[in-house]
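>>> build the 3D model from these lines:
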Amino acid sequence: MFKDFNLENLEDSKNILEKLLNESRTKINDLLNIEEKTYKNFVTPYQEIGESINDFLTPIFHIDSVKNSEITRKVYEECLPIISKYETEIGQNENIYNTLINIQSKEKNTLSIIQNKVLENEIRDFKLSGCHLDNNKKKRLEELNLKLGELSQKFSHNLLDATNSWEMIIENFEDVKEIPKSDLELAKFEEDGKTKYKFTLQIPSYLAYITYGTNRDKREEIYKAYCTRAPQNGKIIEEILKLKDEKVKILGFDCYAQYSLSTKMAKTEDEVVSFLEELGHKGKSKAKEELEEIKQIALEDGISNDEFRSSDMAYYSEKLKKAKYDLDEEYYRPYFEQESVLNGFFDFLNKIFDIKFEKVDAPTWDEKVRVYNISSNGKLSSRIYLDLEARKDKRGGAWMNNWHSHYTDSKGITHLPTAYIVCNFPQSTETTPSLLRHSDVVTLFHEMGHALHHLLSEVTEAYVSGISGVAWDTVEFPSQFLEYFSYDKDILKLFAKHYETKEVLDDTAIERIIKAKNFQSSLALVRQVEFALFDFKVHQKLYKSEEEVQNVLDEVRKEFAAITPPRYNKFQNGFSHIFAGGYAAGYYSYKWAEVLSADAFYMFIDSGNVFNKDLAIKYKDTILSKGGSKNMDELFFDFAQRQASVDSLLKIDGIIS
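Residues are numbered from 1 along each chain as shown. So this is what the prediction gives:
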């Protein structure tokens, strides 16, 4: 039913991939030789060929992110040019392109909406691959795609290496005395008969010191190390921007931002910029007020406004948060033990969506990875892998990665979807379980939102099933929507239980979390606007040097940042979302999709019941099960019976009343 995760032949992946792609070429040629081509005899098997390649490649690329080693890098680097060449070759195949156009022309009126959506997307993507161009331009596009893939991976590896190579050793207990016990235990080690503490740039360790480290100079040291990682990525950014600009000019676009929008819900560059600027301007004055509150707390420690640094933000924000809401992260962590959180989370999802998680014994890439089969409405529907704890050989951050899609093949067999959720939560040890922050709980809800969007699909066409075919600027909608539930009192009570005493977190403590939800929401908003506008503007025209790229960021910060970071801060060199991921000229998607998610959640608030099962099942049926089979604005209208309003987002974040 489900394919096992198996990388026994990892080192031979290059040869296996070459064989698989040659077989795929033969199958496609056979399809092209069919005299009377139809959707059924051409498009359906064509999608199956793509799925079989994805089935093989996903684990290979995945393992390089979650169990990075010399071998995984070598295999990745061997496979990347092969698959890049194949995808470019297929994407530029005029015979396939013309066949799809002919099938669309002949069968449009007899095909389903979903089948027409597959054709519409594929024809668009073939145009974006340059299949209509002359051979010289096609050849150049192939070279550009290969080089861009290599540069993105190099960017990612540089960042991982820089993260892993730095550490800060502290011997003086006075410098760590405020750090939560569980974080301190992970940092503590014995050397030369002395107790010492090691902090790294891995996110759990970095956050522990930057948020709670008593020594101001040490906070500055770790902050500077974090935001100056991988300086060599500055030159890689220059090269990426140059090659992307050349690529889109060949395809007939004015700039990469314009090219990016051809597959998104937003239609024009001005629409995106205006949207972000509106959010930024609405949030800026309140963000300044929030910053002044932090500075006021720092002033009590003798730090004047002129002396206040970016590296002081997290430390004094935490003190302010505790003063305003009596919210101590360390107090809560014993209540958010990973196992308890998962069990309660699954219980909640069962209550509203009628889905059950059953833990199964299946091969994985690490002993701490958990595997669950999911049943929907009493019927086996999908499988999910959860890799939740930080490791040195694992890329930072959190993400969902889809492996298989839900679809029905040409033989009438239904294939069930699979996906991975990867996070970097605090590690469990032999003596201490993994104790999460509430922000980790929010992250888990977020990534599960992505996963359910993929895993609960009922679409029968692979290329628009689950998250496949979903416009990039709306793909965050289901993830952000599920996040909101992680602040509800009744939902938190399902899993917020002390791991030792089993005592449920009391109402007063939960209320503090809920009240603190919008703490510094305006600062968070302008920060996201800063990232998104920098990303979009840096892709609107060709910036040729590191200095020019920095100037774009500086201009955005000048208009929207509440606090200007130090000159040495090279945030862009670690911005892997856009330089090593799929978010180039699309980082605005987080906020764009958040309008949909906030408005959808408001429907539950207005109903007076976050456990509103009728509404949840409607959401499951109209949004989650439909995948990319229709445009998200249409699906949202089907669900809400109206267009989404940006005011819902500003209200839910407490920015407007």
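>>> how many residues are close by residue 153?
Residues lying near residue 153 (other C-beta atoms under 10 Å) number 17. The C-beta positions use only the backbone N, C-alpha and C, and glycine is treated the same way.
>>> longest strand in the chain, by residue count?
Using DSSP state E, we find that the single longest strand of the chain is strand 379-389.
>>> list the buried residues of the helix or strand just after that strand.
Downstream of strand 379-389, the next assigned helix or strand under DSSP states H and E is strand 399-404. Neighbour counts over strand 399-404 (16 or more other C-beta atoms under 10 Å) mark 400, 401, 402, 403, 404 as buried.
>>> gap between the last one and residue 377?
Think residue 404. Per C-beta to C-beta, to the nearest Å, residue 404 is found 20 Å from residue 377.
>>> what mean pLDDT would you report for stretch 443-457?
Average pLDDT, stretch 443-457: 98.
>>> any idea how far that stretch is from the chain center?
Distance of stretch 443-457 from the chain centroid (C-alpha atoms, centre = their mean, to the nearest Å) equals 11 Å.
>>> oh, and call the first residue 9 from now on, that's how I've got it
Sure, I'll start counting at 9 from here, so that last one is stretch 451-465.
>>> which other residues reach the host helix or strand of residue 133?
Take DSSP H and E as the rule and residue 133 turns out to sit in helix 121-136. With contact meaning C-beta atoms under 8 Å, 6 or more residues apart in numbering, helix 121-136 is reached by 47, 51, 55, 99, 104-105, 108-109, 111-112, 116, 119, 259, 267, 270-271, 467-469, 471-472, 477, 636-638.
>>> make a ChimeraX selection of the buried ones in the residues you listed.
Here is the ChimeraX selection string for the buried members of these, based on 16+ other C-beta under 10 Å:
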select :47,51,55,99,104,105,108,111,112,119,259,267,467,468,469,471,472,477,636,637,638
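>>> and the one helix or strand residue 347 maps to, which residues are buried?
Secondary structure assignment for residue 347, by DSSP H and E: helix 346-361. For helix 346-361, the neighbour count (16+ other C-beta under 10 Å) marks 346, 348, 349, 350, 351, 352, 353, 354, 356, 357, 360, 361 as buried.
>>> what of stretch 420-431?
423, 424, 425, 426, 427, 428, 429, 430, 431.
>>> could you do stretch 611-630 as well?
By neighbour count with 16+ other C-beta under 10 Å, stretch 611-630 contains the buried residues 611, 612, 613, 618, 620, 623, 624, 627, 628, 630.
>>> would you agree the last one is in contact with residue 648?
No: contact status for residue 630 versus residue 648: not in contact, 9.1 Å apart, counting by C-beta atoms under 8 Å.
>>> list the contacts for residue 658?
Residue 658 neighbours (C-beta under 8 Å, 6+ apart): 287, 290, 664.
>>> mind listing what's buried in the helix or strand harbouring the first one?
Per DSSP H and E: residue 287 is located in helix 277-307. Residues of helix 277-307 classed as buried: 277, 280-281, 283-284, 287-288, 290-292, 294-295, 298-299, 301-303, 305-306 (neighbour count, 16+ other C-beta under 10 Å).
>>> what about the helix or strand following it, distance to the chain center?
Next helix or strand after helix 277-307 toward the C-terminus (DSSP H and E): helix 321-333. The chain centroid and the centroid of helix 321-333 are separated by 27 Å under C-alpha atoms, centre = their mean.
>>> got the angle between helix 321-333 and helix 277-307?
If you take axes from the mean of the first three to the mean of the last three C-alpha atoms, to 10 degrees, helix 321-333 sits at 70 degrees to helix 277-307.
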